[in-house]
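J.: Mind folding the following:
(chains A, B and C)
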Amino acid sequence: MKTTHLIIVVCLVFALFSCDSKIKNIKQSSSETDTKEIADGGTLVIGVRSEPESLNPLTALSQTSRNIISLVFRRLADLNEDLTTFTPQLAKSWEFSSDSMSLLFHLRTDVQWHDNKPFTAADVVYSYQMQVNPDVAWDGISYKNNIASVQSPVDSTVIFSFHKKSRSMLADAVEGYIVPKHILEHDPPEIMHESHFNRNPIGTGPFRFLGWKDQQAVTLIKNNSYYETGKPHLDRIIFKIVPDNLNLLTQLKAGEVDLVEGIYPKDFQGIIKNWDKGKSSVRPISYMGRRYDFIGWNLIDPDTYREAIQNEISEIKINEYIKPNKLFGSQKVRCALTMAIDREALTNAVNFGMALPMNGPAPLILAAYNEDANIRWRYDPRQARKLLSKEGWIDSDKDGILDKDGMSFEFELVSEAGNVRWEQVATILQDQLGKIGIRVTPRLVEPALLYGKMLPSKDFDAVVIGWVVGLTMDLAPLFHSSSFFAPFHFTGYHSLRYDSLDAASKNTLSPKAAQQYYNDIARLLSYDLPYTWLYYRLECSAIHNRFKNVKSDKRGLYINLEDWWIPLDERNRTDKFFEG
Amino acid sequence: MNAIEQINFSKVRVCVISIILKRALDSVPTIIIGITLTFLIVHLAPGDPGIRFLDPSQPTEIQQVIQKRFGLNEPLHIQYWNWVKCVLFHLDFGNSFYNGKPSSEVLRSALLPTILLAGCALVFALITGILLGILAATRPNTFTDRSITIIMMLFFSTPAFWLGIMFLGVFSIQLGWLPSSHLTSLYHDQLNTIARFTDYIQHLFLPVLTLGLPLAATFFRYIRSGVIEALRSDYILGARARGIGYKKILFRYCLKNSLLPIISLLGVIIPALLSGAVIVEVIFSLPGMGRTMVTAVFGRDYPIILAASTLAFFAVVAGNMIADITYSIIDPRIRYQTRKNS
Amino acid sequence: MKRIFDFIRSDKSLYVGFILIGIIIIFSLIGPLLSPYKYSSQNLSEALQSPSISHPLGTDYYGRDMLARMMHGGQITLGIALLATTIAILIGMITGLISAFVGGWIDRILMRLVDIMLGFPRLFIILLVIGMGHSSIGLIILFLAVFSWMEIARIVRSEVLVIKEQLYIKSAEAIGLWRRRIISIHILPNVMGTVIVSSVLLISTLILIESSISFLGLGVQPPNASWGTILTEGRIDPIGTWWISVFSGTFIIAAIIGFNLIGDGLRNILDPKFTGNS
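T.: Numbers count the residues shown, from 1 in each chain, chains lettered A, B, ... in the order given. Down below sits the predicted model:
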């Protein structure tokens, strides 16, 4: 009995391991693709860390959802790399009226929805109506604030009318994907977020939605009637959901997954090394991304803020009622703290070289960025200590911690639990600030608590956090007085000069004047330091090198998926599997 | 059975049924209180389900719309009452805040993979534990026995997730022998039936091992000590004297006795297995309750949390009830007690 | 003293277990006094070094010496497990005693309470702990204790029930001895055996649970570290930074084995029926 049992086990084990579970493709191809003829077919497997929540452009919020949507849907026009001009998509062309208060779009007439119904101007009008509908609560609704109406008096044309002239009229009009009226109009807007459409999208993009296996994968296939003939080339795109980072990278290296974004810098170094040695077929891609990390100081006293909320004080009377923070209320203190932090060492330790220094509020990716306008504080702990002692912070009781008027300089540095990078930053800051006599206690808080309660009610001392920036320069939600009580303005920064500069930058019609104002804003904020900006992250992604024609720039990696293709002699097992 | 035994047996049966009914009735207030407490804790926990994705340009009016949509701006007892009404009368646990799907659907699709994993692990643990336990018990204190016992002790003491991480690291990452995530390959649907079966086995191999080995070690200890003791008992000696075959004795008599404590443990083991599956699911990126619960908790997805908690309460209470009942049937001491009391 | 020694030597499991745990405790308590590094001193330029002469167990992401962190981690992990177990035993014993002794519907209510506590989604409660209060070690200990006393209560209750039926208790009651005397003189000594075995096993279980909680990122906060948090740090790259997960995992396993051995040994002595040893 025992021996037979053993034999069975051995056979099973042998059977398991002999099955080819590895999809390997170590064949390196030559990098030049122009000489090869473009062939159709092939499968792209994109590894993502979280499941999309909705594939409806009106209700989707997560990055994964947006990526998928960008392949299934189209807009009227698409932003170019310079972030100011546009390329036609669903609209063939456009022109401003003579008084520049309205914009006329000529729409393509050869576009079909994925269910083969024709795309018409009615879809554009309907999309706008849904985008501004408060029950739908589209998160890009503020883009449409300046639009007075959207109408289609003539077939295949749409007219956008504006309230006032601004530099962003075209951008405002084309923001947002076009959704099919004939499908969505059957349900009332209030239940849009539960609609069947969210899990079965129909769009006009190069790829059609095929299926969604819960917690496992979302599959798109080629749209054979895409309006740009000859595209796309790939047959199939599978978004494979692998929440665990280690798993994801393993599959990337093994060839089970072709494309991964947001790779941790340390892993990315490994990928670069292997690629340079010629040992692997995974090509690293990095480009300036859209994220930066910083320390947000609470400039105000949380208790008086709470009272102000309860008594419903308006923004005008902020200074009367709300007291500055006992620790961070003074600009000199914030300056000293900034100088006490060795940002370069911190950036390298956390990012392994995949980040750029950031000294001011303008995201490096935007044209508005001007490093000369930033005031740079150098790393100088001794100077920092001097500044602090001038402000009255000295170690009078010799306990190693600075104090003033009986209060020790100690505070809690919160950050989001589960975010490895921010945790590391907080830990390093604790050590660095400890060296000049400041006691920092890192506290990791789960996201719902951090974003849902602590930051909106300004109930914190300091936070390590990061933003994802949009493609426009708008810092008002963060620093403007009008958003003082809004959740994202958690520093409590309040400056009349900032307010006037911000308004001026938005109202002027001359880009050059706007840039001047942006420079002034940068100078002001990098001096006042409501944030201590730490670094600007480079996006680290990797793709299997059998994909040709892959382009990436500031706008991301999904800008031209309809042009990607795989040479016939480099198709791998997955490609071949789905061809049959 | 003679007449007296028959009468006594039916008395026992009635007693057992009355025990079951009594426990069932007792469980109802338990479940109600437990779920109400969970509801309170869930809603009173600081943090807002509305603000999930950080976007500075999102206006505050949107937050309020979200609040209204989820019914979060009503007083707590009204929310509670609405929820209870939906659950009791329509068996509707509401829709997930995250993606709008009905909670029952979310749970159903998440429960299946978890049950698959836990079930396979249980079967694996039983087979391994029983076989190895008998092997060791029939050769007490030999090298075989000692080495197996030590190995089992190691598995018993290893945190499941360390085991999982090591397995993943060695077999998936370094050696590349087995896939590192998911229950199936991407092209699973394209495969024929046999290939699909193998596909499942390949993907489940390491997770089942991770979850099942510590459990197998527990079973092993019980079986081993039970069989050793049974082998020494007079009853068995008498059977051997009567000439009944060794193997028959082993499996029909010794094994049955040693299985009894395990069966009564099952009521407790099954909920523990399911919660152990959470960790294994996270490590191996498997679909299932683990990932669902963690995401729901971090995102304050109230309907999912409440639905899953209700399920958990039912499972635990039912498991305990089964455990207590089987144990009272099995253990003569308590059975006599009950007979006296009823 | 000699009697204690003999007692420990009497059972092999007990002996080995005690030695193992003894080594670990000495390592955790005395070690930090001997080490040139502090568990929290960062040195970014020395980050992520594999084991070497100056750093026998390597360094972590911040250049902290792993050996020092293991020693400190031992204090934290063992401290949490021991304290939580103590509290759990207290609660469990009191509940079990009351339930068994008083009986009636207090018994039913208490057992229902056990059911409710067992059914609670543990994950969610600890999220609450982290979110509402400040995640301190004290709160973690409390949380672990509050969710562990149930088993002890049940065991105590069933033991006491069995003992209660025994004749000599009945006769003591008949004589009219005070309940409290009955409990302390007759019942407690008999129950203590099982309780001690269960508590030792509970320690090893709590070490396991604490590591699992830290694995989800909800446990001990930096710069404090338990072995569980160190293990989680190693998880980011288990092969590349193998020394972080391997060593912390080994310590956890060793501690769990040690306590299991002690528990088994004690059980062997107290309840010979359970052994497999001839």
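J.: which ones are touching A:A173?
T.: If a contact means CB atoms under 8 Å, 6 or more residues apart in numbering or on different chains, then A:A173 has A:76, A:103, A:105, A:147, A:160 as its contacts. The C-beta positions use only the backbone N, C-alpha and C, and glycine is treated the same way.
J.: Redo these as a markdown table? Include distance to B:L163.
T.: Shown next, in a markdown table, are the contacts of A:A173 (distance: CB to CB, whole Å):
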| residue | distance to B:L163 |
| --- | --- |
| A:L76 | 55 |
| A:L103 | 63 |
| A:F105 | 61 |
| A:I147 | 59 |
| A:F160 | 61 |
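J.: how far away is A:F294 from chain C?
T.: When CB to the nearest CB, to the nearest Å is applied, the distance between A:F294 and chain C equals 20 Å.
J.: neighbouring strands for the helix or strand that residue falls within, and are they parallel or not?
T.: In this structure, A:F294 sits in strand A:282-297 according to DSSP states H and E. Pairing partners of strand A:282-297, with direction, according to DSSP bridges: strand A:462-468 (antiparallel), strand A:531-544 (antiparallel).
J.: nearest to chain B, of the contacts of A:A173?
T.: Using CB to the nearest CB, A:I147 is the member of the contacts of A:A173 that sits closest to chain B, with 15.3 Å.
J.: who's in contact with the closest one?
T.: Residues in contact with A:I147 (CB under 8 Å, 6+ apart) are A:128, A:132, A:160-163, A:172-173.
J.: And A:V420, by the same measure?
T.: Neighbour list for A:V420: A:264, C:236 [criterion: CB under 8 Å, 6+ apart].
J.: again, 10 Å this time
T.: Each residue near A:V420 by CB atoms under 10 Å, 6 or more residues apart in numbering or on different chains is listed here: A:245, A:264, A:266, A:350, C:61, C:217, C:233, C:236.
J.: which one among those gets closest to B:F161?
T.: The shortest distance between B:F161 and any of the contacts of A:V420, using CB to CB, involves C:G217 and amounts to 12.6 Å.
J.: you'd agree B:I33 is up against C:I116?
T.: Yes: contact criterion CB atoms under 10 Å: B:I33 and C:I116 qualify, at 5.9 Å.
J.: any shared contact partners between the two?
T.: In the contact map built from CB under 10 Å, 6+ apart, the residues linked to both B:I33 and C:I116 are B:F313.
J.: Pick out whichever of those two has more residues nearby.
T.: Looking at B:I33 and C:I116 with other CB atoms under 10 Å in any protein chain shown, you find the greater number of neighbours at C:I116, namely 22 against 16.
J.: Top of the contacts of A:V420 by number of neighbours, please.
T.: The most neighbours, when the contacts of A:V420 are compared by other CB under 10 Å, belong to A:V350, which has 26 neighbours.
J.: thinking again about what came up before, out of the contacts of A:I147, which are inside helices?
T.: When the contacts of A:I147 are checked against helices (DSSP state H), the matches are A:128, A:172-173.
J.: Mind checking which of the contacts of A:A173 are in strands?
T.: Taking DSSP state E as the definition of strands, the contacts of A:A173 contribute A:103, A:105, A:147, A:160.
J.: Confirm for me that the second one is in contact with A:W94.
T.: So that's A:F105. Yes: proximity of A:F105 to A:W94 meets the contact threshold set by CB under 10 Å, at 4.6 Å.
J.: backbone phi and psi for A:I438, please?
T.: phi -120, psi 130 (degrees, to the nearest 10).
J.: Identify the residues contacting it.
T.: The contact partners of A:I438, by CB under 10 Å, 6+ apart, come to A:327, A:336-337, A:340, A:384-385, A:388, A:393, A:401-402, A:408-411, A:429-430, A:432.
J.: Just the pLDDT for it.
T.: A:I438 is assigned a predicted lDDT (pLDDT) of 93.
J.: nearest to chain C, of the ones in strands among the contacts of A:A173?
T.: Of all the ones in strands among the contacts of A:A173, chain C sits closest to A:I147, with 40.9 Å by CB to the nearest CB.
J.: returning to that earlier point: so among the contacts of A:I438, which ones count as buried?
T.: Taking 16 or more other CB atoms under 10 Å in any protein chain shown as the criterion, what is buried in those is A:327, A:336-337, A:340, A:384-385, A:388, A:393, A:402, A:408-411, A:429-430, A:432.
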